[in-house]
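**Q** sequence first, predicted coordinates after that:
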Amino acid sequence: MGAGAGAGAGAGAGAGAGAGAGAGAGAGAGAGAGAGAGAGAGAGAGAGAGAGAGAGAGAGAGAGAGAGIGTARSYYATPWDLRYRPWTLDFTPDDAGVPAFPFEEVINPYQVDASGNDAFIEWTTGDWDPALRFWTLPYDPQLTQWLLSVDPSRPSIMVAREFGGQPTRWQFSRTQLIGNGWLEAEDLIWQPDPNLAGTPGWPGAKTAAWGRVRAEIEELQQLMEDDRERYLPEIDIQADGLADYFISFLGASEERHPWTIEYMSCGMALGNIAYMFYKQRFKRPRPSVLCPGLIPPFGPPAHPAFPSGHSFLGHLLALMLLEIPAIRQRYGLFNVFDGSPGRPINPNPPPPGGGAPPTNPLYGRDEIKSPMLWLSQRLAKNRERLGVHYFSDSTGSRHLAGGIWRALFHETNPNNRIECPTLSGVLAKATAEWPTKLP
């Protein structure tokens, strides 16, 4: 993000928080300034090695945000071997009537072996990017391995450490996630409910889940045909430059808004800890693993599909930025269109029809009338257009981000609130960079 020269600290594995800032074309292996959209002020380990500037954000001078995903490879932890390659998206059948792409050949992930035992297709430890495989180990609240490749003096890294040290406030089971409103039941229809394993309802649960997976893949095929080619230049940059789009949309700069950019880095750093934990928990295979005909032009990234990192970070950053009054007035929630300024997102909307469970701040799947959240949803949809995420990855991440945002900023129960005092300090400094005459 940003055009800074980003003189990084070497090739190491950029510590990171998701999409990170470095989308650029890094110049060779080793330390030094990555060429192109450099790392900027985000926390991380420099330009990355060899094949591009990777997802790590350098410590250099640009207007970058984000702490990277934790590997120096570009395209969001995608090996160089799976770098961008063009495909002609002509869907006209050939002279013999053969379809242009093998869309009918889709694998059911819920297989049964010869002995009748479940043999599900899941993301394994070996499928993870080598720099990220520590996420498959038992969770370490001290983040020891993650901290090896970051600058611990950065406020964003301290925020991630504060967040990561409170796992009981944000690590939940499938049942708990739905029960506390952090996910909606529909977000997980793709997965047979493990609580039904060994019961008469288990075969039916697997059949229903396979039906949802097949339907979602058909949606991705349609997006590939209708949208991918038109959106691909944007998708390409967003792969490693998610935060860059927020900076551009805000009209922010390192000169005038350094703490706003650091605030965004805080969200990406703690967000990386959260969504990587849940990726390992759900182990969902990427769409192109089940349907090779989706042929993403690069990737897919070497970590599981659910939740979507881009959707999660996009929605979390949007909600965090709307905590700043001057930004909220321009980019907040617009229920009426009479020229009034934008309103805040309700952290505790009443459940439809009353009762429990609590409703997620970003409940449902409909459009949210907020320019900032419009950008979040666009970032998420572009990952579907690319063919690396299912629709339920996007919606589940939207809801998970809403739950974590509420716990960070608006939880009134001290037993459930995630305490990140460093984040509060950075927010105060970022707010001062956006003066406003309105309340």
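**A** Received the coordinates, thanks. Source: prediction; values computed, not measured. Residues are numbered from 1 along each chain as shown.

**Q** quick one: the helices in the stretch 251-400 of the chain?
**A** Remark: helices assigned in the stretch 251-400 of the chain by DSSP state H, counting those that start in this stretch are 258-282, 287-290, 309-321, 325-331, 371-386, 391-409.

**Q** which one of these lies nearest to residue 184?
**A** Of all the helices of the stretch 251-400 of the chain, it is helix 391-409 that lies closest to residue 184, at 5.8 Å by C-beta to C-beta. Any C-beta I mention is one placed from the backbone N, CA and C, and that applies to glycine too.

**Q** for that closest one, packing partners?
**A** Counting contacts by 3 or more C-beta pairs under 8 Å, 6 or more residues apart in numbering; DSSP states H and E, helix 391-409 is packed against helix 202-226, helix 258-282, helix 309-321, helix 371-386.

**Q** kindly reformat the helices of the stretch 251-400 of the chain as TSV and extend each row with mean pLDDT, distance to residue 365 and mean neighbour count.
**A** Formatted as TSV, the helices of the stretch 251-400 of the chain follow (pLDDT from 0 to 100; distance: least, C-beta to C-beta, whole Å; neighbours: other C-beta atoms under 10 Å):
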stretch	mean pLDDT	distance to residue 365	mean neighbour count
helix 258-282	97	19	26
helix 287-290	98	18	20
helix 309-321	98	12	29
helix 325-331	98	21	19
helix 371-386	98	10	22
helix 391-409	98	5	26
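
**Q** make JSON lines out of the ones you listed and add distance to residue 350.
**A** Listed next are the helices of the stretch 251-400 of the chain as JSON lines, based on distance: least, C-beta to C-beta, whole Å:
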{"stretch": "helix 258-282", "distance to residue 350": "26"}
{"stretch": "helix 287-290", "distance to residue 350": "35"}
{"stretch": "helix 309-321", "distance to residue 350": "19"}
{"stretch": "helix 325-331", "distance to residue 350": "21"}
{"stretch": "helix 371-386", "distance to residue 350": "20"}
{"stretch": "helix 391-409", "distance to residue 350": "14"}
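
**Q** quick one, which of those helices gets closest to residue 425.
**A** Using C-beta to C-beta as the criterion, the shortest distance between residue 425 and the helices of the stretch 251-400 of the chain is 9.5 Å, found for helix 258-282.

**Q** does residue 193 really touch residue 205, like I thought?
**A** Yes - in this structure, residue 193 is within contact of residue 205 by C-beta atoms under 8 Å, at 5.7 Å.

**Q** tell me who's in contact with the nearest residue to residue 373 once chain neighbours are set aside.
**A** Leaving aside its sequence neighbours, residue 373 sits nearest to residue 318 (C-beta to C-beta, 6 or more residues apart in numbering; 5.1 Å). For residue 318, the contact set (C-beta atoms under 8 Å, 6 or more residues apart in numbering) comprises 246, 331, 370, 372, 373, 375, 376.
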